[in-house]
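**Q** I need the structure of the sequence given here:
(one chain, ligands or ions: 2)
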Amino acid sequence: MRRNLDMLTVKAFAKINLALDVLYKRPDGYHEVAMVMQAVSLADTIILTSHPGDIVLNVNIPGLPDDASNLAYRAAALIKEYAGIQQGVLITLDKRIPLAAGLAGGSADAAAVLKGLNNLWELNLSLDKLSKLAAKLGSDVPFCLYNGTMLATGRGELLSPLPPLPKCYVILAKPAVEVPTAWVYQEFKADRVQVRPDIAAMSKFLEQGSIDGVAGNLANVLESVTIPAHPEIAKIKESMLKYGAMAALMSGSGPTVFGLAGCQKQAEVIASQLKTEGIPEVFVAETVSKVE
Ligand SMILES: C[C@@](CO)(OP(=O)(O)O)[C@H](O)COP(=O)(O)OP(=O)(O)OC[C@H]1O[C@@H](n2ccc(N)nc2=O)[C@H](O)[C@@H]1O
Ligand SMILES: Nc1ncnc2c1ncn2[C@@H]1O[C@H](COP(=O)(O)OP(=O)(O)O)[C@@H](O)[C@H]1O
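**A** Numbers count the residues shown, from 1 in each chain. Ligands and ions are numbered 1, 2, ... in the order given. Model prediction:
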């Protein structure tokens, strides 16, 4: 975070799910989950500038709302009201994370605004308090406050740190479809799942610092919904493996596929081969560690 009197710049990092299990549907309509989440360096940039009056949001891409329906705006409104702040803020959002991609781009923006305004307005709220505010905005928002490698349970908002995944490179490839998270959970049927993650095994491999072990245990039960609707996801997974990724999996509710690579050069080679297949959005990122 860079601060300069009345202006502050915050990065909002995307996430991938190394493991995603859905346990059951709860009476409140959410699904109880168990996920291993990992932050990656593909990021939006948010500039917060002191501003008289109200909250104003500028976004750099068409198709993304710049009103109170944007999670960045909602985060500012929530913390402003909670802390009883009278002044406003100008939020400038430089969006790089693709929309509705399974990468938690909106959640990352919301978390970055909470952290940034806590700093800009000198509120001194603890991460624990910010996390409670974050959970009001979305299930993935608390994780985006912490980043790193975390076990997420409940509806995704209950976090416990895991040993960090040793630094590795992540290829992200998104086909030209947007997948609404609510639809994927709504269509989820446990009896259609072929492979469930073994989260205990993945935790053990993280403790051992074994990227190979983690790569061998990637699993996401939401693939059972999104891949039949968008078979190009399975094709991208196959291509990632063919070009040399250690493993490949759909992230979150999809449709983005991520692949793991041990070195940057190899990740870049895989990314350029995927681009030749006409996949519109391909990125190379690296793992991001937890904030202290
Ligand atoms: C699937 C995951 C995996 O990390 O990420 P994305 O693919 O969206 O990035 C998350 O569980 C998404 O979290 P998030 O995107 O914050 O979801 P929310 O805004 O809280 O909820 C959107 C909708 O998804 C459904 N939902 C969400 C989380 C959950 N544990 N059970 C659910 O059933 C609910 O219908 C809810 O109305
Ligand atoms: N700041 C934001 N960035 C991205 N999407 C946002 C934002 N605020 C609201 N949204 C809405 O949330 C939807 C899904 O957001 P996103 O976080 O990108 O999905 P996912 O969690 O699947 O990666 C988008 O279609 C968009 O309309």
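**Q** If I follow the layout properly, Arg26 ends up in contact with Gly156?
**A** No: with contact defined as Cβ atoms under 8 Å, Arg26 does not count as touching Gly156 (12.0 Å). Where C-beta positions appear, they are placed from N, C-alpha and C, glycine not excepted.
**Q** Tell me which of the two has more neighbours.
**A** Using other Cβ atoms under 10 Å as the criterion, Arg26 and Gly156 rank with Gly156 on top: 26 against 11.
**Q** Tell me which residues touch the more buried one, please.
**A** Val33, Met35, Ser139, Asp140, Pro142, Phe143 (Cβ atoms under 8 Å, 6 or more residues apart in numbering).
**Q** The first one sits in which helix or strand?
**A** Assigned by DSSP states H and E, Val33 belongs to strand 31-51.
**Q** and that strand with ligand 1, contact?
**A** Yes: using Cβ under 6 Å from any ligand atom, strand 31-51 reaches ligand 1 at His31, Val33, Met35.
**Q** Buried residues in that strand, which are they?
**A** 31, 33-40, 42-49 (16 or more other Cβ atoms under 10 Å).
**Q** average model confidence for it?
**A** For strand 31-51, mean pLDDT rounds to 97.
**Q** Extract the residue ranges of the protein that are flagged as low pLDDT.
**A** 2-4, 291-292 (pLDDT under 70).
**Q** how about a cut-off of 80?
**A** Within the chain, the ranges that satisfy pLDDT under 80 run 1-5, 290-292.
**Q** Give me every residue in it lying close to ligand 2.
**A** Counting by Cβ under 6 Å from any ligand atom, the residues of the chain close to ligand 2 are 64, 70-72, 99-107, 109, 181, 252-253.
**Q** Got a quick PyMOL command for the buried subset of the residues you listed?
**A** A single PyMOL command selects the buried members of the residues of the chain next to ligand 2 (16+ other Cβ under 10 Å):
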select buried, resi 64+70+71+72+100+101+102+103+104+105+106+107+109+181+252+253
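**Q** Can you pick out the ones from the residues of the chain next to ligand 2 that are in helices?
**A** Leu71, Ala72, Gly105, Gly106, Ser107, Asp109, Thr181 (DSSP state H).
**Q** what's near enough to touch the residue nearest to the fourth one when sequence neighbours are not counted?
**A** Take Gly106 and drop its neighbours on the chain: the residue closest to it by Cβ to Cβ, 6 or more residues apart in numbering is Leu71, 4.2 Å away. Taking Cβ under 8 Å, 6+ apart as the contact definition, Leu71 lies against Gly106, Ser107, Asp109, Ala110, Leu137, Gly138, Val141.
**Q** dump the residue contacts of whatever residue of the stretch 151-292 of the chain ends up closest to ligand 2.
**A** Nearest residue of the stretch 151-292 of the chain to ligand 2, counting by Cβ to the nearest ligand atom: Thr181, 5.1 Å away. Counting by Cβ under 8 Å, 6+ apart, Thr181 makes contact with Ala100, Gly102, Gly252, Ser253.
**Q** how does it look with 10 Å?
**A** The neighbourhood of Thr181, defined by Cβ atoms under 10 Å, 6 or more residues apart in numbering, consists of Ala100, Gly102, Ala104, Gly106, Gly138, Ser139, Asp140, Leu222, Gly252, Ser253, Gly254.
**Q** is it true that Ala110 touches Phe143?
**A** No: counting by Cβ atoms under 10 Å, Ala110 stays clear of Phe143, with 11.3 Å between them.
**Q** what comes up buried for stretch 266-273?
**A** Buried positions in stretch 266-273, judged by neighbour count with 16+ other Cβ under 10 Å: Gln266, Ala267, Val269, Ile270, Ala271, Gln273.
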